[in-house]
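**Q** Sharing a model prediction with you, sequence too.
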Amino acid sequence: MCRGIWLVPVLGLVGCSGRQSALSPAGEDAAWLHDLWIVMLVGAIVLWIALNGLFFVITRISPRKWPETYVNPLIIGGGVLLPTVLVGALLAYGLSMMPKMRADGDGLVVKVRAEEWWWRVEYWPSGADAPIVAANEIRLPAGQRTELRLDANKYIHSFWVPALGGKMDMFPGRETVLTLRPEIPGVYRGQCAEFCGPSHALMAFEAVIQTPEDFAVWLEAEAAPANPPATPEAQRGEVIFRDEGCGACHAVRGTEFTGLVGPDLTHLGSRHSLAAGTLTVTRDDLMAWVAHTGDIKPAVAMPAYDWLAEAQLSDLAAYLEGLK
Ligand code: CUA
């Protein structure tokens with residue numbers, strides 16, 4: 001046998017930490033699920049060793065020497081009682097977590113709609129009569145339970161931030177509710193967890209957890225209109241944005257661009273990622289994205305603007321990068 005075989009589980013475990021891992025919980029719900037997973041893992045290991053030990057012993061005894069009085073207790077005890085008690089105890093332990101995971105939120109509601117390979121996000125602070133619209137990034141305050149109301153545009157998707165909690169399916173025409181109480185500020189990664197089409201694997205997002213104070217400051221800034229273009233190239237970029245009809249699909253609050261088809265771009269420049277966790281919000285990536293949408297993200301609705309000259313793409317990217 002290959003001597004390096006022991007490396008396989010070790011390398012596997014190395015991949016279990018980090019910002020997209022259910023084994024590095026950063027919130028109350030994820031911590032409960034982590035405990036459940038550890039209990040099940042330890043239980044499974046104990047059971048595996050016990051059963052294999054028993055199998056090892058039994059195969060070394062001749063069937064003739066096996067006292068017949070052991071047979072019924074073994075079948076009833078090992079075949080009926082043991083699994084019933086074990087699975088029953090696990091079920092009770094798992095179910096006992098459900099009420100606290102379904103506890104009501106503390107006020108803030110975040111609505112997330114899964115679109116064709118990106119995320120439409122609306123923040124509804126308690127008492128608000130209009131949402132603060134964003135996309136492809138979810139910010140939540142630490143130490144508070146936030147209610148996430150989820151649905152989908154066309155296909156079934158699944159919302160999952162492993163470091164914060166369990167996954168929840170997202171359906172067209174039906175709202176599902178997930179509440180999460182993150183605890184450790186940081187930037188975590190969420191990923192669509194239900195195969196939804198050609199760009200399923202490219203349907204990710206950043207979940208940014210902030211202290212309640214930082215979150216309040218951010219939310220106020222997010223509610224504000226976009227900064228007007230500050231440099232000559234960004235101003236030229238805004239003209240290209242208008243001439244190419246980008247505003248028919250994208251909204252930039254505070255401007256005449258009010259399209260609702262694609263992601264809201266009002267504060268695109270302050271997000272952690274572009275194209276739903278696929279690229280970074282840098283000049284090069286913005287240029288590459290606009291010119292090669294379908295190559296980067298198969299079946300995406302936005303056409304590739306590959307007829308734009310390099311200088312035009314650069315100006316457009318400058319405008320988009322400056323939307324903060
Ligand atoms: Cu959306 Cu998979």
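**A** Here it is on my side, so go on.

**Q** make it CA atoms for all contacts and neighbour counts henceforth
**A** OK.

**Q** Give me the number of neighbouring residues for the residue of the stretch 1-150 of the chain found nearest the ligand.
**A** Distances between the stretch 1-150 of the chain and the ligand by Cα to the nearest ligand atom are smallest at Trp117, namely 5.6 Å. By other Cα atoms under 10 Å, the residues close to Trp117 number 25.

**Q** mind checking how far Lys167 is from the ligand?
**A** 12 Å (Cα to the nearest ligand atom, to the nearest Å).

**Q** Just the pLDDT at the spatially most central residue of the chain, thanks.
**A** When Cα atoms, centre = their mean is applied to the chain, the residue found nearest the centroid is Gly190 (2.1 Å). pLDDT recorded at Gly190 is 96.

**Q** got the contact list for it?
**A** Neighbour list for Gly190: 20, 159-162, 204-207 [criterion: Cα atoms under 8 Å, 6 or more residues apart in numbering].

**Q** where in the stretch 201-324 of the chain is pLDDT low?
**A** Nowhere does the stretch 201-324 of the chain drop to pLDDT under 70.

**Q** Near the ligand, which residues of it are found?
**A** Counting by Cα under 6 Å from any ligand atom, the stretch 201-324 of the chain comes close to the ligand at Met203.

**Q** Show me what the helix or strand Leu86 falls within packs onto, helices and strands only.
**A** Leu86 belongs to helix 82-95 when assigned by DSSP states H and E. Contacts defined by 3 or more Cα pairs under 8 Å, 6 or more residues apart in numbering; DSSP states H and E place helix 82-95 against helix 28-59.

**Q** residues of the helix it packs on that come out buried?
**A** Using 16 or more other Cα atoms under 10 Å as the test for burial, helix 28-59 gives 28-34.

**Q** Report the entries of these that also contact the ligand.
**A** Within these, nothing lies near the ligand by Cα under 6 Å from any ligand atom.

**Q** Helices of the stretch 201-324 of the chain, start to end?
**A** Ranges of helices in the stretch 201-324 of the chain, per DSSP state H, counting those that start in this stretch, are 212-223, 232-243, 283-291, 293-296, 310-321.

**Q** re the thing from before, quick check: the residue nearest to the centre of the chain is in a strand.
**A** Yes. Judged by DSSP: H, G, I helix; E, B strand; the rest coil, Gly190 forms part of a strand.

**Q** quick one: contacts for the closest residue to the ligand within the stretch 201-324 of the chain?
**A** Nearest residue of the stretch 201-324 of the chain to the ligand (Cα to the nearest ligand atom) works out as Met203 at 5.7 Å. Each residue near Met203 by Cα under 8 Å, 6+ apart is listed here: 117-118, 191-192, 276-278.
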